[in-house]
Each structure stands twice: as structure tokens, then as C-alpha cells.
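Asker: Here is a sequence with its predicted model. Questions after.
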Amino acid sequence: MDFYSKIPDLMDEGIIAIDSEGYIKIYNRMAKNIFGINFNEGPSYPEGVIKDGDIVVVADNMLGADDGGMTPEDLKLIGVNPCGVELGYAVVAVGRKGDKTGQGYVKFLKPDQMANELLLKTSVDDIVIESHINFPRRILRIKINDKIYDYEYIWAAGHMVILDGSTKCVKFYQSKGYTSRKEDMKFILMGQPFKGKGRYSKVFETYNKHILELHSDSEVVRKLLNVACGKEDDIKGVESLINGIPVRCSIKAVTDGAERIGAILEIVDITELKAMQIEREEALITLKKLQDKMISEKYKRQAFKAIIGQSPKIKQVIEIAKKAAEANSTVLLLGESGTGKNLFAEAIHKASSRRNGPFIYINCASIPENLLESELFGHEKGSFTGAVSEKKGKFEMANGGTIFLDEINELPVTLQAKILHVLQSKSFTRVGGLKSIDVDIRIIAASNKDLEQLVSQGKFRGDLFYRINVISITLPPLRERKEDIYLLIENICNKLEDKINKRKKLSHEVYNILYNYEWPGNIRELENVLERAMLMSGDIIQPGDLPEYILRGNNGNIHGKALVDVKDLGPMRDIVEEAEKRALLKALKITKGNGKKAMELLQIGKTNFYEKLKKFGIESSKFRNNSS
């Protein structure tokens, strides 16, 4: 009979058998190994209880999840101020049992911050203490001087080490099976006695104990009890958590004739399998995030390709706009007319997650006030004279995408309230309608005037201004990014050449004039001037092909500043060399150190160009470095 009673301990599966009332009759060796019962590995210490003055070190990756129901307030038991800590946070802490000062040490992370690790390192009574959570490897590590106490987890666990306040020796450390032994962190901190380990460990008797004494209430435990008393039928191959440990289990009823007298739970530890599955899932999630990031960066590059410029100011604005594209917030584009607000609005849309949705443009200044409300919000049939059928407005057309409200400063005050309502409620009603229409849109607004000043003058609603001014981007005027003029000229001319099907060049004098002009109309004015010049000129655009106001420049003098001032007169050779040097420096500045383009601009050969650079001690590479 003794031999047969040992058979369950020879089995590879964990076996737990209970009677119809839930009392354990068999709990084999494998089941005890799986759930950490009779834990006798690692350093030894006798059974005991926590006392005031004991040093407590905590590492909990999810406060309240598998630590006996810890709450932030429970940290006060070890003198730790729980301010800012919430359930579900990862917490590392060091304190003393019974300390009322709140001078304990604590660090914590929110669930969305648990990417790499959380580390607290300190010294108490000349003992070096570390409490560490390694999220990728799922390891809770507590280090006391050079001794390491690790606890591996799958989903959640509360790890703790206690040092005797008098001897400074370890009197308790958390280990596998703490739930079965009733040694959850909160229970120990509340004064629950703990069992000895190592050579002090005692055989934990399971026979005739109720199953709920060893295992917390869970779906599988409830099913085991129900099968044992005849309320449910057998189950097979179900994956579940028992005491926080992932297992695959089957439950079989035990009968005596027609009478149900108990049930057997067969369990297989699948901790390693689950860990591999989680690692694979996390790897796939990481891969997906990387792919999404690469796709996002690709769309950003493509979206902002239309914005020409390498100056520090325009680079800074582009970076802000790229960040704005990642969010779903309202964007306000500010700047003078002709600075490219339309281009930026479309680029932000194309770089955003709404890129596949519509991009709807409307200029608030170009539509008569009496038609603007209908244009924006649509109208129902018969809502006014001429409304012979229902019509969708721009907001409705933009559903799922972006609406760009250009020159929002020209929006009548009466309509500003309705725009504010859309921003707040994501809904509106058509003109003459009663039904509220929900929309999922992003608003990008633009203004060439100072909206804050308009607010102070009562011409623009303050509440609407603050609503649209979530992300504000000010575009620099062309006169503040002169170093971009050469690139802009080249880009505009390429487009115009395709349009008129002719190839043309600009003379050096024309480049010089265009560079020195202040461009009050910004890029739009530059485009108009170049288009006129290309239509009016021969193969090479000369100063005479430019409008007279451009030739007169900003000070009214034809061609702007004279090349040589009377007071600079001297030997002809010196004057010519100075002019050549000045021309080389300006060409390199305009082309950002691009030798080939500078030669084209100056219309000189390669040998002559580099000889003059050497003669005047000019390094073209310095102009490239200054542009980065």
C-alpha cells in the first residue's frame, strides 16, 4: 500500500485530487514544485515575523496585481510617502517597518513608461541596497551589498527582502510559491508570520487542507470545486493562471458508481512556453512599431519634400511641423502672405495618420459672408432661396481627414462661435437643419495677421483663438532666410521650364538683384517675378527682363548698391581683385559651397574658378559647414 501511495509522486504532471467538499487528498511532488510549496532552495533563515525597525526592500512591477492586494497607502507601513503612486504602477522602494517620518526611498513608473528598467540605489546603515526591475527580461532584482535575490515573473509579482533591524541579516526574501505559503508582500507587511527556508524549512502538509487555503480563488479553482461536487463536467487542455503561474490543466471527475466523490486536477507548468510566446508577441509588436515608424518617416520625407530650403530657420519650422503631424491636435500656421502656409498645411496632413483621408481647403476671405456658413457646414433643401437640394459643407466633406481654414482671421465673428462648437463637440448642424452631424476631423488654421491683437480689438473670439492655438507654427518671411533664395529660384525655374517647355538661365546680375531684394510678397512674389521674366526673356534672363520695381530694389536705386564706391577708388588691379573676391564669396554663400553651381552662377570655367579660390584663400567647404 505504501508503494502505491507514492505513485503520484513519480508522475511528470502535477496532480491535485480533492473530495466533493474541496479538501485535498493528493498533492503530488510535481504540483508542489510547480507552486513552490516546501521551498528549500537558496539561503536559509528560520520562521519569523516582521518587526518595527526592520529594513524592507520592495520591487513590484504592478502594484496591487500579485502582491496580496498592495495599495499605495500600504507603502506607509515602511515609512515611504506614496504621493504620486497609483495602482498598476511599477514601484521600487526601501524603508523601515514602523517608520512614521515618510523618509523612505521610492521610485515608480506608469504602465506606459515600462520600457527598459527601474532602478533605486541607496545606502541604509552602511548597507548598499539596490531594488531593480528589468522589464524586457521580466526580472525583479534586489541586491543587498553583493548578494542578489532575483525573482522572475510572467505578468506580475511583488518581490521583497527584509533585513533584521538589529543584526542587519536577511530574515526574509520572496520566492516562488509565496501565494501558496500565504507569504504575499502585503500579508508579511501586515504581520503575517513567514515560514523558514533552506535548512529551516519544514514539510508543508497539504493533506485534508481545503484547496482555497493553498490557492487563491480563480476560474480554474472554482471549476475544480464545481466538478468535484457534480455541478460541472470535465474540462481538458485549458490554459490558465493558478497563483500567478501559467499552467495547462485538465479536470476529471471522480465517481463511485453514480455518486460524484471528487475531482482530479492535472497540471503542466507552461511558464517557459508562455515566456517565449510573450517574447514573440512583444517582438512582433516592436517590429510593427518599427515598421510604422519607418512608414511614418517615409511619409514625412515625401510630405515635406515640396518645402524648399536648407536655412536654419526653415529647418527648425519643418521639424516642428513634423512633430505636429504626429499628433491629432489643432495647428495654427502664422506668417506673412506668400510664406507657404498652404504647403505646410498639406504637408502636415500627408505626414499624419489621416493621410488617406480628404484634405479640404477653404479660404475664409474669398467667399462672401452670406454664403460662407453654407459653404462650411452645408444646407438642407429649401433652407434659403436657391437651396433647391441638400448640400454637404466643407466640414462634412473633410470627415476622416483634415480641413484647412486659410485666413481664419477674416472669419465673421458670427461664424466663429459655430467653429468653436465643432472643435468642442466634433459635431454641427447644416443650415436649415435640425439633425446633429458628427465628424472626425482635424483643423489646421492659418492667419497672416496677429490674432492676439484681433482678440484684444474684439474682432476675434478669445476662446476660439485659444482652441486653435494648440500647436502654433510661425513661418519665416523670405527676407529672413536669404540663403534659401538660390534653391528656391532653381526649383521654381525648373517647374516653369516644364510649364513653358523652354530651358532658360539667369545671368549673374539677375541672381545678385534677386538675392538683395527684400521680397515683401515672399515666395509667391518670387514665383510671379520669375514667371514674368521667363516669358519675357531670351535664353538668358537679364536684368532688363525683371520688373522695374525689382531693379530699383528696396532703396529706389537701379540694381541696388553700387559694386564700387567712389571712396574705394584706387589702382584698377586692386579694385578688380576685390570685386572678384566679393563675387566668389557671394556665389559660394548663395550656393552653400556648391562649386559647380557657383561656377554656373559666375559663368567661369572650372580651372579659372579654383585658381581664384586659391589666389584669395577661399575654402568652399566652410560654406557647406555653415549651412548645416
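Answerer: Perfect, I can see it now.

Asker: what kind of secondary structure is residue 300 in?
Answerer: With DSSP: H, G, I helix; E, B strand; the rest coil as the basis, residue 300 sits in helix.

Asker: Surely it and residue 351 touch.
Answerer: Yes: at 4.4 Å, residue 300 counts as touching residue 351 under the criterion of C-beta atoms under 8 Å. Heads up, the C-betas are built off the backbone N, CA and C, glycines and all.

Asker: Just give me the residues shared between the contact sets of the two.
Answerer: 322, 325 (C-beta atoms under 8 Å, 6 or more residues apart in numbering).

Asker: What residues of the helix or strand hosting residue 263 count as buried?
Answerer: For residue 263, the host element (DSSP states H and E) is strand 259-269. By neighbour count on 16 or more other C-beta atoms under 10 Å, the buried set for strand 259-269 is 262, 263, 264, 265, 266, 267, 268, 269.

Asker: how far out from the middle of the chain is that strand?
Answerer: With C-alpha atoms, centre = their mean, to the nearest Å as the basis, strand 259-269 stands 48 Å off its chain's centre.

Asker: Point out the other helices and strands that that strand packs with.
Answerer: Identification of packing neighbours for strand 259-269 by 3 or more C-beta pairs under 8 Å, 6 or more residues apart in numbering; DSSP states H and E yields strand 14-19, helix 29-35, helix 219-228, strand 245-256.

Asker: can you state the direction angle for that strand and strand 245-256?
Answerer: Taking axes from the mean of the first three to the mean of the last three C-alpha atoms, to 10 degrees, one finds strand 259-269 and strand 245-256 inclined to each other by 160 degrees.

Asker: partners of strand 259-269, with directions?
Answerer: Strand pairing for strand 259-269, determined by DSSP bridges: strand 14-19 (antiparallel), strand 245-256 (antiparallel).

Asker: Now do the buried residues in the last one.
Answerer: Within strand 245-256, the residues scored as buried using 16+ other C-beta under 10 Å are 245, 246, 247, 248, 249, 251, 252, 253, 254.

Asker: How about the contacts made by the first one?
Answerer: By C-beta under 8 Å, 6+ apart, the contact list for residue 245 reads 34, 35, 154, 269, 271.

Asker: nearest to residue 186, of those residues?
Answerer: Nearest to residue 186 among those: residue 35, at 19.2 Å, using C-beta to C-beta.

Asker: how close does that closest one sit to residue 245?
Answerer: Using C-beta to C-beta, to the nearest Å, we find residue 35 at a distance of 6 Å from residue 245.

Asker: Which of the helices or strands spans residue 373?
Answerer: Using DSSP H and E, residue 373 falls in helix 369-377.

Asker: Could I get the buried residue list for that helix?
Answerer: For helix 369-377, the neighbour count (16+ other C-beta under 10 Å) marks 372, 373, 374, 375, 376, 377 as buried.

Asker: Verify the stated contact: the third one with residue 418.
Answerer: No: if you go by C-beta under 8 Å, residue 374 and residue 418 don't touch, sitting 11.8 Å apart.

Asker: Just give me the closest of the buried residues of strand 245-256 to residue 310.
Answerer: Once C-beta to C-beta is applied, the member of these that ends up nearest residue 310 is residue 246, at 55.5 Å.

Asker: Between all of the buried residues of helix 369-377, which two are separated the most?
Answerer: Using C-beta to C-beta, the two most remote members of the buried residues of helix 369-377 are 372 and 377, lying 9.4 Å apart.

Asker: pretty sure residue 94 belongs to a strand, no?
Answerer: Yes: under three-state DSSP, residue 94 falls within a strand.

Asker: Identify the bridge partners of it.
Answerer: Assessed by DSSP bridges, residue 94 has beta-bridge partners residue 57, residue 105.

Asker: that older thread, export the contacts of residue 245 as JSON lines, with columns for distance to residue 182 and pLDDT.
Answerer: Formatted as JSON lines, those follow (distance: C-beta to C-beta, whole Å; pLDDT from 0 to 100):
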{"residue": "34", "distance to residue 182": "17", "pLDDT": "84"}
{"residue": "35", "distance to residue 182": "12", "pLDDT": "82"}
{"residue": "154", "distance to residue 182": "21", "pLDDT": "83"}
{"residue": "269", "distance to residue 182": "21", "pLDDT": "87"}
{"residue": "271", "distance to residue 182": "21", "pLDDT": "81"}
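
Asker: By neighbours, which of those residues wins?
Answerer: Most neighbours among the contacts of residue 245, by other C-beta atoms under 10 Å: residue 35, with 27 neighbours.

Asker: Next one: that residue from residue 232, what distance?
Answerer: Distance of residue 35 to residue 232, given as C-beta to C-beta: 23 Å.

Asker: So residue 240 lies in a strand, does it not?
Answerer: Yes: inclusion of residue 240 in a strand is indicated when three-state DSSP is applied.

Asker: That one: neighbour count?
Answerer: If you count neighbours by other C-beta under 10 Å, residue 240 ends up with 17.

Asker: Provide a list of residues in contact with it.
Answerer: With contact taken as C-beta under 8 Å, 6+ apart, residue 240 is in contact with 218, 219, 220, 246, 247, 249.

Asker: roughly how far apart are it and residue 31?
Answerer: 15 Å.

Asker: Then residue 443?
Answerer: 62 Å.

Asker: Residue 92: how many residues sit nearby?
Answerer: There are 27 residues near residue 92, going by other C-beta under 10 Å.

Asker: Let me know the pLDDT of it.
Answerer: pLDDT for residue 92: 97.

Asker: low-confidence ranges in the stretch 451-600 of the chain?
Answerer: Residue ranges of the stretch 451-600 of the chain with pLDDT under 70: 554-576.

Asker: what about the helices in it?
Answerer: 451-456, 462-468, 485-500, 508-516, 522-536, 548-552, 572-590, 595-602 (DSSP state H, counting those that start in this stretch).

Asker: so which of those helices gets nearest residue 135?
Answerer: Comparing the helices of the stretch 451-600 of the chain by C-beta to C-beta, helix 462-468 comes nearest, at 38.2 Å.

Asker: would residue 150 count as being in a strand?
Answerer: Yes: judged by three-state DSSP, residue 150 forms part of a strand.

Asker: State the number of residues packed around the nearest residue to it once chain neighbours are set aside.
Answerer: In this structure, residue 150 finds its nearest non-sequential neighbour in residue 141, 5.2 Å apart by C-beta to C-beta, 6 or more residues apart in numbering. Neighbour count of residue 141, defined by other C-beta under 10 Å: 20.

Asker: worst average pLDDT in the helices and strands packed on strand 259-269?
Answerer: Of all the helices and strands packed on strand 259-269, the minimum mean pLDDT falls on helix 29-35 (a mean of 85).

Asker: May I see the buried residues of it?
Answerer: Buried, per 16+ other C-beta under 10 Å, within helix 29-35: 29, 30, 31, 32, 34, 35.

Asker: Among those residues, which pair sits farthest apart?
Answerer: Longest distance between any two of the buried residues of helix 29-35 is 11.3 Å, between 29 and 35; criterion C-beta to C-beta.

Asker: what ranges of the stretch 251-400 of the chain fall below the confidence cut-off?
Answerer: For the stretch 251-400 of the chain, the stretches with pLDDT under 70 are 385-386, 388.

Asker: Could you count how many residues lie near residue 137?
Answerer: Count around residue 137 with other C-beta under 10 Å applied: 12.

Asker: and what of the one 3 residues further on?
Answerer: Residues contacting residue 140 under the criterion other C-beta under 10 Å number 25.
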